[in-house]
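S.K.: Provided below are the primary sequence and the corresponding predicted coordinates.
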Amino acid sequence: MNTNIDLNEVKRLLLKKLSNSLSETEEQLLNQWINTSPQNRALAQKIHSSFFLTHAILDENELSYRNSWQRLRHNIKYTQHFLIRSPQYKWLVATILTGLILAGSYLFWNFQTKEITITAGTSKAVLYTPSSEEEYTLPQTENQVLNYSQFINKINRQKSIALSPDLYHTITVPRGGEYLLLLEDSTLIHLGPESSLTIPANFSRTNRTVNLSGEAYAIVYKDSLHPFTIQTEKVDIHVLGTKLNIEAYDDEKYVKVTLEEGKAELHSAKEFQMLPIGYTASIGEDKHIVLSKANIYECTAWHYNRLSFDNQTLENIMKKLERWYNIEVAYSSDNIRNFHITMDINKYESFNKLAQAIEKMNELKIQIKKNKVVLISERNLNQE
């Protein structure tokens, strides 16, 4: 912007431009400001467009629109006869009207261009201790690891709690969250959104059993004499030093266990199975264990700060994104749910950027309203 013209002067010139009352010198000054930058030019063109002004001054509520005009007429003591005969009042009305238009245009423009941004999940979790019936908000580690045993010991010292073998602690991660913690045996657990990990109060290097609901990536400290056991609703996983990913959400049909490195044994109510490296085990309501070759990168990408989907249906993808971005997803038609997508992005990108990528790859339009997301087929839009 030209430094010789301040913002108030620009507003005055634009106001006079709307009422066709600029002098030749003022016209040159305004044109000089407009030509200073593309942003200035775009703003001037937008404000003076008939479409923009029409939408800025029209109210969808017709009664409100008429009342606003009545108030304006009363405030300026408006009469039709006097307005025609008196040039100075004609200028007054024009000035007030154009001022309202300019102010309304500014508000309308900012409202129309303001985009709702849906941010990615962050590090957050809550610890529940039944012994004291209290909840503690865990510190936001932001990709750093919480030393779980140190934190628990600190609480115990503060509360003077005598631990009992039948007690346990539960760490819960909400939607839009994740959490990293290091257990006393040096096992690293990365909890995903809407997940909870229950840990016995007497957990130790020789007593290594936890219960999981949700998703977790685990790097288990190797100790062949004391296997690490992860209990889920449908299967128990005995880990002998390994890297693995577990999906055990209550609202999913299957518990899925993917082995990246090491050894793992699966025990369900129906059978026992060794899980080979590079495979995923799926366990359903019937408790049978079904093995399939895994896409290790896709299954573990979230732990490495990526979101990766290889030819996945949009419904499966959105179910994961709902948890990570804390959103609610709706579909304009059921066929959209079966769209297949392949993509790989930084999981800390905003949902807006991810939505743009999905739109470019498919005939889709994604509407965002607060935390609600609606997927619409462009074919349906064209038919409307």
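M.R.: Received the coordinates, thanks.

S.K.: what residues are up against Thr313?
M.R.: Neighbouring residues of Thr313 by CB atoms under 8 Å, 6 or more residues apart in numbering: Arg337, Asn338, Phe339, His340, Ile341. Just so you know, the C-beta spots here come from the backbone N, C-alpha and C atoms, and that holds for glycine as well.

S.K.: Report the two of those residues separated the most.
M.R.: Arg337 and Ile341 (11.6 Å; CB to CB).

S.K.: which neighbours do those two share?
M.R.: With CB under 8 Å, 6+ apart, Arg337 and Ile341 have common neighbours Thr313, Leu314.

S.K.: Who has more neighbours out of these two?
M.R.: Ile341 (18 against 14; other CB atoms under 10 Å).

S.K.: a strand runs through that one, doesn't it?
M.R.: Yes. Per DSSP: H, G, I helix; E, B strand; the rest coil, Ile341 lies within a strand segment.

S.K.: Can you tell me how far it is from Thr137?
M.R.: Ile341 sits 36 Å away from Thr137, going by CB to CB, to the nearest Å.

S.K.: Quick check: chain neighbours aside, which residue is closest to Tyr136?
M.R.: Leu127 (4.5 Å; CB to CB, 6 or more residues apart in numbering).

S.K.: who's that neighbour bridged to?
M.R.: Leu127 forms beta bridges with Tyr136, Ile171, as assigned by DSSP bridges.

S.K.: pLDDT score for it?
M.R.: Note for Leu127: predicted pLDDT of 94.

S.K.: was I right about it contacting Lys154?
M.R.: No. Leu127 lies out of contact with Lys154 (CB atoms under 8 Å); the separation is 11.2 Å.

S.K.: Next, the buried residues of stretch 249-262.
M.R.: Under the neighbour-count criterion of 16 or more other CB atoms under 10 Å, stretch 249-262 has Tyr249, Tyr254, Val255, Lys256, Val257, Thr258, Leu259, Glu260, Gly262 buried.

S.K.: I'd like those laid out as CSV, including pLDDT.
M.R.: Formatted as CSV, the buried residues of stretch 249-262 follow (pLDDT from 0 to 100):
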residue, pLDDT
Tyr249, 97
Tyr254, 96
Val255, 97
Lys256, 97
Val257, 98
Thr258, 98
Leu259, 98
Glu260, 97
Gly262, 95
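
S.K.: can you pull the contacts of Leu291?
M.R.: Contacts of Leu291 (CB under 8 Å, 6+ apart): Gln273, Leu275, Pro276, Tyr279, Thr280, Ala281, Ser282.
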